[in-house]
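Asker: The amino acid sequence is not available; the structure is as follows:
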């Protein structure tokens, strides 16, 4: 219901009720302006895009904080959402009234993210900026918040429309060399030098490695069973996908490194597969015990490992993260002739599309295959040519 009434002071009072029965009113100098406003609000209600003008005065920070508390998601998704809001979105847009945020503000925010440094430059390493994938994740959190604001009738439309995002399909992952892996390994304290070897030799994600138990390593069959992950919160949780649950083959280098680590730092003095009595007598580690433990025997946490790796990489003058060792393992497999499906299974990718999107540039291209096939087909001619040259040389 809507109405327009002239007040004693000569103003025209226009009022209407929204879908919830709440009354809204404004005063105008002219009746025609009051009628126009009433018509606009009524049309918005009919179209379904009406928003409470008072609700739009709330800051993005206040609304986003309420929205985040109501989300139902996995630990990993909650962490990504919290990081995007706390570190990037709210420091820039948090104090703005939510209705005042325009499309150009969102585009400017995305543009600024491209230049945002997450690690300053040093004498040895260049500055590190946010990657295209990280920027896209941050933007998608902002988009979800503003879409929710539309659903709640806080704003009529979302400003997250036709936003140009940085492209990441042409980005190639940087593969560390074996020399760089060794430099970083050598820069770590002796206790932790096993971890780069295991990561580079198994392709495990850092959360998967930290979630390993002693019983997950089969020294006889030279395999590691990946069955759980340790989150940044230090909680042990299920793996991110069904494909992540796998048995990974490992080489003798990794086997020897793990055996030495267990002997020196995880109280292992008996062969793997010790009996319960041997465990009780302290002759072997409990099979259910975390594989990687700190000096106090507590599980090695993500935060502790991050604080160990970062200075070691800087000291070694090598720009890498925990995921770089995973890229190294994938590259080694591909250079050795592994197929896409083999690499997918080894890394625990949910589909071959993910594997190809990340590592397609490492497989030989069509031109390389063509050259190899033709060289193989023409090999007899090459041998005949060598024979002719040898005969000619001997007759001189």
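Answerer: Done, it's in. Computed from a predicted model, the values in this text were never measured in an experiment. Numbering: from 1, shown residues only.

Asker: in the protein, what spans have low per-residue confidence?
Answerer: In the predicted model, the chain carries pLDDT under 70 at residues 1, 119, 121-127, 168-172, 267-286, 365-371, 373, 379-396.

Asker: One more pass at 80, please.
Answerer: Counting by pLDDT under 80, the chain shows low-confidence ranges at 1, 18-21, 42, 44-56, 74-76, 117-128, 167-172, 266-287, 364-396.

Asker: what sits up against the helix ranked longest in it?
Answerer: Ranked by residue count and defined by DSSP state H, the top helix of the chain is helix 132-151. With contacts defined as Cβ atoms under 8 Å, 6 or more residues apart in numbering, helix 132-151 is touched by 51, 60, 63-64, 67, 80-81, 84-85, 88-89, 93, 98, 101, 106, 109-110, 113-114, 130, 155-160, 163, 165-168, 171. Backbone N, C-alpha and C define where each C-beta goes, glycine included.

Asker: Weed out the non-buried ones from the residues you listed.
Answerer: Neighbour counting over the contacts of helix 132-151 (16 or more other Cβ atoms under 10 Å) leaves 51, 60, 63-64, 67, 80-81, 84-85, 88-89, 93, 98, 101, 106, 109-110, 113, 130, 155-156, 158-160, 166 as the buried ones.

Asker: Among these, which lie within helices?
Answerer: Going by DSSP H, the helices hold 60, 63-64, 67, 80-81, 93, 106, 109-110, 113 from the buried ones among the contacts of helix 132-151.

Asker: can I see the domain layout of this protein?
Answerer: Domain ranges of the chain: 2-50, 57-151, 179-362, 366-395, per automatic domain parsing.

Asker: tell me the most buried of those?
Answerer: Of all the domains of the chain, domain 179-362 has the most neighbours on average by mean count of other Cβ atoms under 10 Å, namely a mean of 17.

Asker: How far away from the center of its chain is that one?
Answerer: With Cα atoms, centre = their mean, to the nearest Å as the basis, domain 179-362 stands 18 Å off its chain's centre.

Asker: now stretch 73-80
Answerer: Mean-position distance between stretch 73-80 and its chain equals 11 Å (Cα atoms, centre = their mean).

Asker: Show me what that stretch is in contact with.
Answerer: Under Cβ under 8 Å, 6+ apart, the answer for stretch 73-80 is 71, 81, 137, 141, 231-233, 235, 237, 240.

Asker: Looking at the residues you listed, which are in helices?
Answerer: Within those, residues falling in helices by DSSP H are 81, 137, 141.

Asker: could you dump those to JSON lines with distance to residue 75?
Answerer: Supplementary listing: the ones in helices among the contacts of stretch 73-80 in JSON lines, determined by distance: Cβ to Cβ, whole Å:
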{"residue": "81", "distance to residue 75": "11"}
{"residue": "137", "distance to residue 75": "16"}
{"residue": "141", "distance to residue 75": "16"}
